[in-house]
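K.L.:
With the input below, show me the fold.
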Amino acid sequence: MLLLLPAVASFFLFLVLPMLAVLDQSFRIFEPGRIGSKEGAALTTENYTELILPVYARYFIQTYLLAFCAAAIAIFIAFPIAYCVARRASPLARKAAISALIGLMFLSALVRVYSIDLTFGSVGIFGRIMSAAGINTNNYLYIDFVVIAGLLHYAIPMSILVLIGAIQNLNPRLAEAAQSLGASAAKTHITVTLPLCIRGLVSAFLVSMTIGVSAFVIPLILGRGRVLFISNLIYSRFGEVANYPSGAAISIVMLVLSLLLIFVMSRIATSFDRQ
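P.N.:
Here you go, the predicted model:
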């Protein structure tokens with residue numbers, strides 16, 4: 001218990017107390033012309049009730065929908081790669097692949113974002129091909145596609161790393177037993193391997209979803225001002241308008257929604273385990 005005290009104290013000091021300060025600020029009245037609420041400001045729920053307006057729903061829908069799509073695509077791409085690295089690759093190739101994935105995570109965020117922009121942007125190679133094919137690269141659908149591509153830059157490597165550990169912990173004799181009883185390789189993969197890796201899949205999905213929901217630079221640059229996430233709205237409230245109570249309320253709602261998502265996905269994973 002004594003060894004846990006430094007960790008618990010750090011957790012309380014650097015996470016719990018700041019979040020309590022944000023929670024308190026979210027219930028304060030904001031006076032225009034000030035930076036944040038004044039000391040001893042009256043309590044109000046207006047900062048939360050205004051989030052019901054359709055203009056705020058657009059930010060939440062864009063954020064969670066695009067983050068969900070990116071996380072789902074990342075899992076679909078990452079699982080075969082992780083399986084090959086964990087089961088098919090030699091020890092040397094596995095170490096090289098894991099080192100490359102970890103090194104990719106240290107690549108600058110701006111380098112990643114501008115590489116996507118130079119490839120899929122209006123002046124990029126892919127953008128020119130789309131324009132030549134008669135596809136408008138300035139419509140919302142294409143911009144959403146570019147933003148998802150930017151999110152995949154982060155989600156795929158992280159998902160692969162998470163899934164490699166889950167697949168390596170899987171007992172290969174279970175798949176061999178299924179095949180010895182007459183199941184094909186595809187049926188064994190669907191009915192044995194995937195269900196046993198469900199917790200790893202859920203973990204990779206949640207990590208990818210968290211990265212997508214909290215993205216700031218990606219929608220700011222690749223969204224071209226037409227696709228903005230909740231993080232961009234929070235930054236605007238805190239940094240540009242100095243409306244700390246409104247920004248704090250949005251932050252708390254975002255936190256609650258994220259915790260609710262984690263709870264739902266955990267319940268789904270548990271139900272699969274019971275089956």
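K.L.:
show me where the stretch 101-250 of the chain has helices.
P.N.:
For the stretch 101-250 of the chain, the helices identified by DSSP state H, counting those that start in this stretch occupy 109-120, 125-132, 140-168, 172-180, 185-188, 194-196, 198-213, 217-222, 230-235, 244-274, in order along the chain.
K.L.:
For Gly33, which of those helices is the nearest?
P.N.:
Between Gly33 and these, the shortest separation by C-beta to C-beta is 13.2 Å, and it involves helix 244-274. Yep, even glycine has a C-beta here, placed from its N, CA and C like the rest.
K.L.:
Next, the angle helix 198-213 makes with that closest one.
P.N.:
For helix 244-274 against helix 198-213, the angle by axes from the mean of the first three to the mean of the last three C-alpha atoms, to 10 degrees is 160 degrees.
K.L.:
Please state the mean pLDDT value computed over helix 244-274.
P.N.:
Averaging the model's pLDDT scores along helix 244-274 yields 85.
K.L.:
In CSV, list the C-alpha atoms belonging to the strand or helix carrying Asp24.
P.N.:
In this structure, Asp24 sits in helix 17-26 according to DSSP states H and E. Listed in CSV are the C-alpha atoms of helix 17-26, where the atom choice follows Å, rounded to 0.1, in the frame of the first residue of the first chain:
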residue,chain,number,x,y,z
LEU,A,17,-8.1,17.9,-8.9
PRO,A,18,-7.8,19.6,-12.4
MET,A,19,-11.0,17.7,-13.5
LEU,A,20,-12.8,18.9,-10.4
ALA,A,21,-11.7,22.5,-11.2
VAL,A,22,-13.1,22.0,-14.8
LEU,A,23,-16.4,20.6,-13.3
ASP,A,24,-16.7,23.6,-11.0
GLN,A,25,-16.0,26.1,-13.8
SER,A,26,-18.6,24.5,-16.0
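K.L.:
Run through who's touching the following helix or strand past it.
P.N.:
Next helix or strand after helix 17-26 toward the C-terminus (DSSP H and E): helix 46-49. Helix 46-49 has contacts (C-beta atoms under 8 Å, 6 or more residues apart in numbering) with Ser26, Phe27, Arg28, Ile29, Phe30, Pro245, Ser246, Ala248, Ala249, Val253.
K.L.:
Next SSE downstream of helix 46-49?
P.N.:
Moving toward the C-terminus from helix 46-49, the first helix or strand encountered (DSSP H and E) is helix 54-83.
K.L.:
what helices or strands is that next one leaning on?
P.N.:
Under the contact definition 3 or more C-beta pairs under 8 Å, 6 or more residues apart in numbering; DSSP states H and E, helix 54-83 sits against helix 140-168, helix 198-213, helix 230-235, helix 244-274.
K.L.:
Report pLDDT for Ser208.
P.N.:
With respect to pLDDT, Ser208 has a value of 92.
K.L.:
In contact with Gly182, which residues?
P.N.:
Residues near Gly182 by C-beta under 8 Å, 6+ apart: none.
K.L.:
So it versus Asn136, what's the distance?
P.N.:
Computed with C-beta to C-beta, to the nearest Å, the distance linking Gly182 and Asn136 is 53 Å.
K.L.:
next one: Ser159
P.N.:
The gap separating Ser159 from Asn136 is 31 Å, by C-beta to C-beta.
K.L.:
Neighbour count: these two, which is higher?
P.N.:
Counting neighbours by other C-beta atoms under 10 Å for Ser159 and for Asn136 shows that Ser159 has the greater number, 30 against 10.
K.L.:
who's in contact with that one?
P.N.:
Taking C-beta under 8 Å, 6+ apart as the definition of contact, the neighbours of Ser159 are Ala74, Ile75, Ile77, Ala78, Phe79, Ala82, Ala204, Phe205, Val207, Ser208.
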